[in-house]
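[1] sequence first, predicted coordinates after that:
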Amino acid sequence: MNALILAQGTLWGILLLTAAISLLLLRQIKALYRKIAPLGALAPVSPATSTLLPQQLSTLDGQSVTIGGHHQNGKQTLLLFVSGSCPVSQKMISITRDFCGREHLDLLFCGDDTPQAQRAALLTLGLTQSEMVNSATLGRLLGVDRVPFAVLLAPDGAVEARGLVNNREHLESLLSVRATGYSSIQSFLDANPRALSAS
């Protein structure tokens, strides 16, 4: 009988100790999240505009498409700037398609090269001609200086969020703009200069 009581007491002691350690770990994790900057898409270059006026462009198969301005279906649009010579761009194609399907975003792939180079890149990237536009002007307006780079447009053409995207988490960070009020990790760090400090 004494052995049973001792065993029960030991088990309860272990359980209470585990609960205490779990609470301490939770507090440390919360403190860590308060100290570090949010993981988000990096946007090193400022865009030339905060609202994209309607741009009449053509997909590589010649279809006319309007980018920016008022979107009649009321959906956000994600522009993903990619290159056929960039292995990360190749990885992000399928991730972005899945992400936009899940989040109900319109998706358009963009590039800046000669039409011949872009058509050759379609095979590497696994895209169709109707999914991609080729425009140097669009990239300059939106401050795109390297790829893969994503720009999230509001239904009225406003640039809601933008930045380099190397994984799904970066894409998801673009949608957190309305909740956090910061359009990129740069804007967060500008507003919170001590975010990366150890204290």
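    Received, thanks.
[2] tell me how far the helix or strand encompassing Ala20 lies from the chain's centre.
    Assigned by DSSP states H and E, Ala20 belongs to helix 2-35. Going by C-alpha atoms, centre = their mean, to the nearest Å, the spacing between the C-alpha centre of helix 2-35 and its chain's C-alpha centre is 37 Å.
[3] what pairs with whichever helix or strand comes after it, parallel or antiparallel?
    Next along the chain after helix 2-35, taking DSSP H and E as the criterion, comes strand 55-58. Using DSSP bridges, the strands paired with strand 55-58 are strand 64-67 (antiparallel).
[4] and the partner strand, which residues are buried?
    Residues of strand 64-67 classed as buried by neighbour count (16 or more other C-beta atoms under 10 Å): Ile67. (C-beta placed from N, C-alpha, C; glycine too.)
[5] just checking, what packs against the helix or strand following it?
    Later in the chain than strand 64-67, the nearest helix or strand by DSSP H and E is strand 77-81. If you count contacts as 3 or more C-beta pairs under 8 Å, 6 or more residues apart in numbering; DSSP states H and E, strand 77-81 packs onto helix 87-103, strand 106-111, strand 149-153.
[6] report the contact partners of Glu131.
    Residues near Glu131 by C-beta atoms under 8 Å, 6 or more residues apart in numbering: Thr59, Leu107, Leu108, Phe109.
[7] can you rerun that using 7 Å?
    Applying C-beta atoms under 7 Å, 6 or more residues apart in numbering, one finds that Glu131 lies in contact with Phe109.
[8] do you know how far it is from Val65?
    Note on Glu131: its distance to Val65, by C-beta to C-beta, to the nearest Å, is 10 Å.
[9] surely Arg140 is in contact with Pro47?
    No: counting by C-beta atoms under 7 Å, Arg140 stays clear of Pro47, with 9.1 Å between them.
[10] so what sits against both of these two?
    Shared contacts of Arg140 and Pro47 (C-beta under 7 Å, 6+ apart): none.
[11] pLDDT score for the residue nearest to Leu78 when sequence neighbours are not counted?
    Distance criterion C-beta to C-beta, 6 or more residues apart in numbering; nearest residue to Leu78, sequence neighbours excluded, is Leu105 at 4.8 Å. Leu105 carries a pLDDT score of 95 in this model.
[12] which residues does the residue positioned nearest the centre of the chain contact?
    The centroid of the chain falls nearest to Leu171 when counting by C-alpha atoms, centre = their mean (2.0 Å). Contacts for Leu171 (C-beta under 7 Å, 6+ apart) come out as Thr96, Phe99, Ala150, Val165.
[13] so how far is Thr137 from Leu53?
    12 Å.
[14] how about low-confidence regions in this protein?
    1, 32-45, 178-189, 193-199 (pLDDT under 70).
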